[in-house]
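Peer 1: Sequence first, then the predicted structure, then my questions.
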Amino acid sequence: MNRSRRRFISWTALMGIGQVAGVGLAAELAANDPRRAITREELEALDHGATGGHLTCVRTPESNDGPYYYPSSPARRNIAEGRRGMPLRLGITVANANLPGANCAALPDTVVDVWHADADGMYSNVGSDLQNRDTTGETFMRGHQITDRDGYVEFDTVVPGWELVSLPPPTNVVIRATHIHVKLFQDEKVLTTQLYLPDRFLDMLYASVDPYRTHRLMTAPGLGRPVRRIHNGEDKIFVLDRSKPLRIRSEGTGIFAEATIGVVTLGSRGLPSLFR
């Protein structure tokens, strides 16, 4: 996890974006003297950053990485790499949910890392012992960006397929509803969550749109039998995390989906981490 953080920081430097997070002059001074005490001015700046916003958000429930996360996604907006599927424009706003009920302030300079299956339910960089197609070394449906001053990023991708993984007994199989993995790096905070699409939309998609309608049933290596697609309410992680589907709207031949992810943080004032 810390190696991932270091790699993202090196990428931002190469891209000319500058230091990830921090509070202006405070960050610069702290970098020169990490033992310097916080001042009232800096405390007020941190407090304003926590409560001085106009966004409405709640703390986003943390979830697991899933088995296919890699800390090596390309820095890019378009992550589909030309693969087939219904176009999806995914907008993500990252905000500070430090105080319950307070207005949330946007969190700029946050690394937003996204990965998900393609329309056929296949992940990139996964071997043929886990899914029906060997994609070792490929990078489709993976990418990261850094939020702007409004805490916002957009990704151009396609609507993911659902996921099926065969496992040894007694588990035998893991069936997942359609979902998108997101990992945030903000100051020294790391938050992992999963985003879901509405069942009604997915039912329409799998009933009438290729290639989704050919994947209402799927198999996995070693499973030996087809398994049907499940809905959000049948997904154990969706239920455990008390997740809610994304808001979506039609957009040309595809859809636009939007999420606000609330992170609980006061920031580190740009202090260097002990773990870098």
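Peer 2: Structure received.

Peer 1: does the residue nearest to the spatial centre of the chain have beta-bridge partners, and which?
Peer 2: What sits nearest the mean C-alpha location of the chain, by CA atoms, centre = their mean, is residue 182, with 1.2 Å. Bridge pairing for residue 182 (DSSP bridges) gives the partners residue 114, residue 193.

Peer 1: Could you pull up the residues touching it?
Peer 2: Each residue near residue 182 by CB atoms under 8 Å, 6 or more residues apart in numbering is listed here: 92, 112, 113, 114, 192, 193, 194, 195, 259, 261. Glycine gets a C-beta too; all of them are placed from N, C-alpha and C.

Peer 1: gap between it and residue 112?
Peer 2: Distance, residue 182 to residue 112, by CB to CB, to the nearest Å: 7 Å.

Peer 1: Also residue 194?
Peer 2: Residue 194 sits 14 Å away from residue 112, taking CB to CB as the criterion.

Peer 1: Residue 150 now?
Peer 2: In terms of CB to CB, residue 150 sits 13 Å off from residue 112.

Peer 1: Could you check which of those two has the larger neighbour count?
Peer 2: residue 112 (24 against 14; other CB atoms under 10 Å).

Peer 1: Tell me the secondary structure at that one.
Peer 2: Three-state call for residue 112 (DSSP: H, G, I helix; E, B strand; the rest coil): strand.

Peer 1: ok, back up a step: what residues do residue 182 and residue 112 have in common as contacts?
Peer 2: Common neighbours of residue 182 and residue 112, counting by CB under 8 Å, 6+ apart, are residue 92.

Peer 1: What are the boundaries of the helices in the stretch 51-200 of the chain?
Peer 2: 199-208 (DSSP state H, counting those that start in this stretch).

Peer 1: For it, give me the ranges with low pLDDT.
Peer 2: Scanning the stretch 51-200 of the chain for pLDDT under 70 picks out 51-56, 58, 99-102.

Peer 1: now do 90
Peer 2: Counting by pLDDT under 90, the stretch 51-200 of the chain shows low-confidence ranges at 51-67, 71-72, 95-107, 130, 165-173, 186-190.

Peer 1: Would you map the strands across it?
Peer 2: Under the criterion DSSP state E, counting those that start in this stretch, the stretch 51-200 of the chain contains strands at 87-96, 105-106, 111-115, 142-146, 152-158, 163-166, 173-176, 179-186, 189-196.

Peer 1: residues in contact with residue 237?
Peer 2: The contact partners of residue 237, by CB under 8 Å, 6+ apart, come to 63, 64, 176, 179, 194, 243.
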